[in-house]
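**Q** pasted the sequence and its predicted model underneath.
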Amino acid sequence: MLAPDGRVIMISGANRGIGLAIARALYDAGYSLSLGARDPASFADITGGWELERIHVGRYVAEDQDTHRQWVAGAMERFGRLDGLVNNAGIWEDVSLEDENDEALDRMWAVNVKAPVSMTRTALPHLRRSGSGRIINVASLAGKAVYGSGIGYTMTKFAAVALSHATRHAGWDDGVRCTALCPGYVATDLTAGVESVPFDQMTSPGDLAEVVLTVLSLSNTASIAELVINCRDDVMM
Ligand SMILES: NC(=O)c1ccc[n+]([C@@H]2O[C@H](COP(=O)([O-])OP(=O)(O)OC[C@H]3O[C@@H](n4cnc5c(N)ncnc54)[C@H](OP(=O)(O)O)[C@@H]3O)[C@@H](O)[C@H]2O)c1
């Protein structure tokens with residue numbers, strides 16, 4: 001098992017939803033955190049009262065790779081090490097096969113796929129030096145099965161799962177382990193308009209954060225490649 005003390009974890013989209021729940025759980029467990037968001041000022045209310053020596057905030061704009069490099073460089077300057085990256089920030093837009101909405105496809109591809117690829121490339125050299133680096137990609141059940149004719153979000157989440165497997169292969173010999181987290185409906189702003197499952201019966205962000213804590217604590221000899229988590233009795237929907 002890996003103890004949290006002294007280990008540094010970066011989380012994108014840590015200002016609300018699943019990312020915020022992960023940030024809170026990891027902080028309470030004793031990790032040092034570098035929190036990324038489009039508006040770093042949004043962390044002021046969240047981190048009030050937290051130990052400043054364990055917190056760094058950075059600007060993370062998914063579509064702007066300069067912010068990725070600057071955020072990682074800032075975290076390294078602040079802590080001198082990096083042990084984990086949670087690629088969490090993501091968006092959902094409704095695009096079906098016969099909708100001609102390439103702009104929405106491009107937006108989701110940029111945020112849900114290209115940005116995690118860029119963050120992984122940027123963080124990987126530092127995670128390799130850790131000897132037990134961890135990357136968790138917040139994918140989705142939509143990255144494991146396709147229902148109906150939706151093609152936008154689900155394609156990006158299949159890509160996030162593929163990225164996770166490629167990352168595990170790339171980093172394996174240096175102790176980097178990568179997990180694709182694949183939840184179904186989670187009670188956040190993203191699902192506020194969902195009618196098929198009542199909001200209070202969706203998986204809580206806090207339960208996902210507990211799972212992330214466990215994944216981060218496991219030794220190099222206990223790699224979890226994919227984790228499917230659901231609020232319903234079906235495995236994949
Ligand atoms: N909720 C679910 O049911 C569910 C299920 C499976 C997987 N997921 C995945 O879980 C992750 C987190 O989702 P959530 O439910 O917590 O959603 P959320 O509450 O809507 O939060 C989304 C987060 O992503 C950030 N973000 C969005 N676009 C961005 C951009 N262009 N650049 C930088 N940051 C951006 C948001 O920042 P701002 O505050 O600046 O907008 C926010 O921090 C996503 O990858 C999502 O696909 C969610």
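**A** Sure, I can see it.

**Q** what residues does the chain have near the ligand?
**A** For the chain, the contact set with the ligand under CB under 6 Å from any ligand atom comprises 13, 15-19, 37-39, 60-63, 88-92, 111, 138, 140, 183, 185-186, 188-191. In this view, the C-beta of every residue, glycine as well, is placed from N, C-alpha and C.

**Q** any of the residues you listed buried? List them.
**A** Buried members of these, scored by 16 or more other CB atoms under 10 Å, are 13, 15-19, 37-38, 60-62, 88-92, 111, 138, 140, 183, 185-186, 188, 191.

**Q** who's in contact with the spatially most central residue of the chain?
**A** With distances taken as CA atoms, centre = their mean, Asn88 lies nearest the centre of the chain, 2.4 Å away. Residues in contact with Asn88, defined by CB atoms under 8 Å, 6 or more residues apart in numbering, are 11-14, 18-19, 22, 138.

**Q** pull the helix or strand with minimum mean pLDDT from the chain.
**A** Least confident element among the helices and strands of the chain, by mean pLDDT, DSSP states H and E: helix 44-47 (a mean of 94).

**Q** so for the helix or strand just after that one, mean pLDDT?
**A** Heading C-terminal from helix 44-47, the first helix or strand you meet, by DSSP states H and E, is strand 55-59. Across strand 55-59, pLDDT averages out at 98.

**Q** ok, strand 55-59: who's next to it in the sheet?
**A** Using DSSP bridges, strand 55-59 pairs in its sheet with strand 32-37 (parallel).

**Q** flag the shaky bits of this structure, pLDDT-wise.
**A** Within the chain, no range satisfies pLDDT under 70.

**Q** for it, which segments count as helices?
**A** Using DSSP state H, the helices assigned to the chain run over residues 17-29, 44-47, 65-79, 102-109, 115-130, 152-171, 205-217.

**Q** can I get those helices in a markdown table with distance to Val146?
**A** Formatted as a markdown table, these follow (distance: least, CB to CB, whole Å):
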| stretch | distance to Val146 |
| --- | --- |
| helix 17-29 | 22 |
| helix 44-47 | 35 |
| helix 65-79 | 29 |
| helix 102-109 | 15 |
| helix 115-130 | 20 |
| helix 152-171 | 5 |
| helix 205-217 | 22 |
